[in-house]
Structure formats: structure tokens, C-alpha cells
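Participant: How does the following fold in three dimensions:
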Amino acid sequence: MSIPAVIIVEKNPDIRELLHLFLSGEKIPTLACEDAAQTLDASPAFTPGIVLTRVSSSDLPDCAGIRRIRASTAGEGLSVVVVVDERFGHGLVLRAGATEVVDLVDDFRQLPAILRRLLAGRDGRVEPPASAA
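Facilitator: This next block holds a predicted model:
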């Protein structure tokens, strides 16, 4: 069994499944969960390369979810990619500890390339799909 390169953290089960299917189709190993801290606490030996989460209007301005993810993993070598609604500024999310911010409307199709770039050089390297080579 391969270790997922990306943990998808999303409260909404439909969006969680959509992200999982989208990235799985791009050959990026994922684990989808509702709460990153709970998942990481249950498996302390596992540290993903990337946590992918979404920030909605109810999560701003404190971005508590990003801070919880950082606290539960000690932040070492972890990238946190946050999908945001286009209406929100990226500054709050970056200050809360995000590594990358992906705009839901403008940048979403670029998500696989962003994740591959962040995973490059890690033990769990994810290669581009054969059609992109």
C-alpha cells in the first residue's frame, strides 16, 4: 500500500469526494478526511507531503483550520495548499501558514501541477502523467 502524498481536508463530503476523484484521476495519491488534526493524531507516524484544504467565508478571518493543521504536524516539511473562493484575499491565508493558495475559479485546473511541483524531491515523488511527458 502506498502512502498518500496528499491529505485532502474538507468538511463537505461532496467537495471532499470531488477533490479525491479529481486528483486520483491525475495519479496523485490522496487520503480524504473531514478533519486533518484528527487524522494525523490517529496516525502520528504518518506525515503527508501536502495537506490540501479549502477556506470558506465562515473560516475567515482567523483561518483556524490552517493553524490546527500546522500545530498537529509541527509544520516540518509540510506544505499546506489552500483552495479559496475568488472573493477572498490570499494574504490572510498565507499569514495563517499556507504554502500555496489556489483560487477556486481562476487557478483550480492548475492544482495538479502545483501539487506535483511541491512534491518534487520528496520521498513520495509523484511523476507527471504519461500523457504529459
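Participant: Name the helix or strand of the protein that has the lowest mean pLDDT.
Facilitator: Every helix and strand in the chain was compared by mean pLDDT, DSSP states H and E; the lowest is helix 36-42, with a mean of 63.
Participant: Gly97 belongs to a helix?
Facilitator: No - according to DSSP: H, G, I helix; E, B strand; the rest coil, Gly97 belongs to no helix; its state is coil.
Participant: Might one say that it is in contact with Val82?
Facilitator: No - contact criterion Cβ atoms under 8 Å: Gly97 and Val82 do not qualify, at 9.1 Å. C-beta: built from backbone N, CA, C; applies to glycine.
Participant: helix or strand right after the longest helix along the chain?
Facilitator: Identified as the longest helix of the chain according to DSSP state H is helix 13-25. On the C-terminal side of helix 13-25, the closest following helix or strand by DSSP states H and E is strand 30-33.
Participant: Which secondary structure elements does that following strand sit against?
Facilitator: With contacts defined as 3 or more Cβ pairs under 8 Å, 6 or more residues apart in numbering; DSSP states H and E, the secondary structure elements packing on strand 30-33 are strand 6-9, helix 13-25.
Participant: For Val55, find the nearest of the ones you listed.
Facilitator: Nearest of the helices and strands packed on strand 30-33 to Val55, taken as Cβ to Cβ: strand 6-9 at 10.6 Å.
Participant: From the contact counts, what lies against that closest one?
Facilitator: By 3+ Cβ pairs under 8 Å, 6+ apart, strand 6-9 packs against helix 13-25, strand 30-33, helix 36-42, strand 50-55.
Participant: List the strands paired with it, with their directions.
Facilitator: Next to strand 6-9 in the sheet, as set by DSSP bridges, lie strand 30-33 (parallel), strand 50-55 (parallel).
Participant: Where does pLDDT dip in this protein?
Facilitator: Across the chain, the ranges flagged by pLDDT under 70 are 1-4, 36-48, 57-62, 72-76, 86-89, 121-133.
Participant: mind listing what Thr30 touches?
Facilitator: If you count contacts by Cβ atoms under 8 Å, 6 or more residues apart in numbering, Thr30 has them with 4-8, 19-20, 23-24, 52.
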